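Novice: just coords:
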């Protein structure tokens, strides 16, 4: 495979090095790890959490770019690029990239969202230097070779086809369209068959050059590690690739912010598809991830549809047997958010299921939660927060996302304090503000004309 | 809800207690936990792994019963019963069961396979007594109330519909049918719409009574726990329900064994379904879980389709862009096994994908692996074995499954020794024995007549 050089390797001598700034963000207490952050010259952030009781490390490199940064013509470019970074660098072929991690039993993968992209590897602690070397190489020195771009186009079209076949997943893409319309947040992360077919190697390469600047990257690692060693190896890898030199002294970009209002309620999007089950999302605008009301809204969402004892699970599944899967969820973006309830059921049950969903939303909007529900939801969120941060992958995810989304880290104790501080009044207030609006509805499935016509009743 | 009593509570006095036998199976070394086993009077086994560095515990209760224990008329009874155990006991309603664990943020769930059923809860260590109490109550004192059976029938029919919609999952059920025909191993775990509709409350209740005897149950727990405390609480819970008394002195049932031969190769099963992607499994008889050749076969499977650097991933996805997901796998039962390769791709690619799959199978059958591939596959299996046993859920799973399947526990070091002992000759031998037979093929998707006709070429 022919490789063309994107950057000139220019290792800095020790003597000429600018100073890195390191701070301790969270002191490890009560079994939690110590969180440290270093900003390297060039604006590259390295954040680690040291957990000496495990044998593994998860390393992630996060890029502050997602599908909402795409113009319509570039639809799917962020995700396409994520694939291409595995396809070869100046030093490694695609096989050499994957073989390096496979040989030590490491898991390597990546994901793209509307607001960021993350590449990660979970390895035994002794293999962390290898993971730093391979991931840094991919992020700084991808060649985006023309032949690889063509082969990978087929893989992405297969991924789109696979996602199309998963209607329970697709309905969330549809709901984003229902709420955000034809805007960056409303379009699918994968792009469409048409936009993916239209993307050129040079468009993707330009996108890479623009968005993978070290000021827009965060290296996050959690597990059995030493912060200074991680910083040293990351710095060596990025400097070796000439990736810090050109931006020496620059500042990391801050979190996204802003505020946007969503389309009015009462919309219904229905996609006819030959599946056994129909999938419905009934929802409304929620709150942004900067909004303090996200804590009572999380408690509310948990009580409404967060577990087997939640209202939706009890009413729809336990008492009536109308669905196998039903839940409520919130998603928070930098400038807005969504609140939705989901259920998957056979077409004949859709009408009953939607009536229950709407009734429960209305009732919570009117009356809030009972004391029992509030207590249980707070207990559930607290317990699952602690249980959810036991593996190094989850810890790494929290570090990277927190840095990109808030520019700061919150300790587990801090999160638990926020959850426990939620009062019945907070929940009643956010319920009234969020849930009393008119909802919108997205449905995928095979409904009769009569069943489809009745969908509008739910959002009346 | 009216509850009828299934057993008479008969707590044993301390004085009259039969002796429990406790042994240490694995001494905690090199960061691994200590594994201990106690057989309670009545034949109930309790196996724990103590991992003092975590804050959680996963508790599972395993029943030695799976769908292969069903007669055709009882198709789906094992799984139906698994659902019903969440629906109420003599002491708790369905809501009380789920609310108990939700209130502390615990995760509770269950799964049914062809050979066993497992109920589990992951909780903070301080909540282990609660988990023991709730799960023991469910296992010993389910009431299987008639009204709940009817409501849950709808849930299970929804689960079948959901699974039908997941063709990438379904194709493995189809492959079991291709290989095992209309036999217990060839029928789906969930049953069919017809068998589930036909099952009565009394049939399921009889199935429960027959198969949930303490000699057929294993309690497994891993995490921050004390073995003696777990044993004490499990004993109290089971004795409190009168579940140990009636079988005092009995012996636990041993692992399943035997040997069976599979249908001859060259079969093709094709199911026409309106999906974007077609899903194919090309496979052959493998080896049982008691067969020592499972170690070289695992190495072989890893090299062929276990990671991004594997042959199938490289040939099908990286070089040709023909699929998003492709892999090889083995499944071992007590008396036989399967070896298969899977790919999901659009219908137009099926022919090319199957040609590559067959060529790779033939080539490995003929030539085995290169030294490089063997070394990498051994490294990959070793690393992923260690990485895969870091969370308490995986540890609990290994404890319970090992006891039911082999009647013994193998240390991580013991597993690594088995993997590292695999020689090129071992791999060549198992490759020749397993892969040189004529394969069979299962396909789900929307193929043209011409595409469907060509499927037979693959297994010629």
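Specialist: Yep, that arrived. Quantities reported herein were computed from a predicted structural model and do not represent experimental measurements. Numbering: from 1, shown residues only, chains lettered A, B, ... in the order given.
Novice: Please make it C-alpha for all contacts and neighbour counts, starting now.
Specialist: OK.
Novice: any idea how far the nearest residue to residue A:267 once chain neighbours are set aside is from residue B:52?
Specialist: On the basis of Cα to Cα, 6 or more residues apart in numbering or on different chains, the spatially nearest residue to residue A:267 that is not a chain neighbour turns out to be residue A:440, at 4.7 Å. Distance check for residue A:440 against residue B:52: by Cα to Cα, to the nearest Å, it reads 49 Å.
Novice: And these two? Which one has more around it.
Specialist: Neighbour count, other Cα atoms under 10 Å in any protein chain shown: between residue A:440 and residue B:52, residue A:440 has more, with 25 against 16.
Novice: just to revisit the earlier point, model confidence for the residue nearest to residue A:267, exactly?
Specialist: Looking at residue A:440, its pLDDT is 98.
Novice: Residue A:23 - that's part of a strand, no?
Specialist: Yes: following the definition DSSP: H, G, I helix; E, B strand; the rest coil, residue A:23 is counted among the residues of a strand.
Novice: and it, bridged to which residues?
Specialist: On the basis of DSSP bridges, residue A:23 takes part in beta bridges with residue A:37.
Novice: I figured it hits residue A:45, correct?
Specialist: No: with contact defined as Cα atoms under 8 Å, residue A:23 does not count as touching residue A:45 (11.3 Å).
Novice: The residue lying closest to residue A:24 once chain neighbours are set aside: neighbour count?
Specialist: The shortest distance from residue A:24 to any residue that is not its chain neighbour, by Cα to Cα, 6+ apart, is 4.4 Å, and that residue is residue A:36. The number of residues packed near residue A:36 is 19, by other Cα under 10 Å.
Novice: got a list of what residue A:36 touches?
Specialist: Under the criterion of Cα atoms under 8 Å, 6 or more residues apart in numbering or on different chains, the neighbours of residue A:36 are A:22, A:23, A:24, A:25, A:26, A:47, A:48, A:49, A:227.
Novice: again with residue A:264
Specialist: If you count contacts by Cα under 8 Å, 6+ apart, then residue A:264 has residue A:438 around it.
Novice: quick one: contacts for the nearest residue to residue A:102 once chain neighbours are set aside?
Specialist: If the residues on either side of it in the chain are set aside, residue A:102 comes closest to residue B:380, at 5.3 Å by Cα to Cα, 6+ apart. With contacts defined as Cα under 8 Å, 6+ apart, the neighbours of residue B:380 are A:102, A:103, A:104, A:105, A:106, B:302.
Novice: Find the centremost residue of chain A, please.
Specialist: Taking Cα atoms, centre = their mean, the centroid of chain A lies closest to residue A:113, which sits 5.1 Å from it.
Novice: any idea of the pLDDT on it?
Specialist: With respect to pLDDT, residue A:113 has a value of 98.
Novice: same deal with the one 4 residues further on?
Specialist: pLDDT recorded at residue A:117 is 98.
Novice: likewise residue A:23?
Specialist: Confidence score, pLDDT, at residue A:23: 88.
Novice: Residue A:259 too?
Specialist: pLDDT, residue A:259: 87.
Novice: A strand includes it, no?
Specialist: No: going by three-state DSSP, the assignment for residue A:259 is coil, not a strand.
Novice: Quick check: residue A:67 touching residue A:117?
Specialist: No: with contact defined as Cα under 8 Å, residue A:67 and residue A:117 do not form a contacting pair (9.1 Å).
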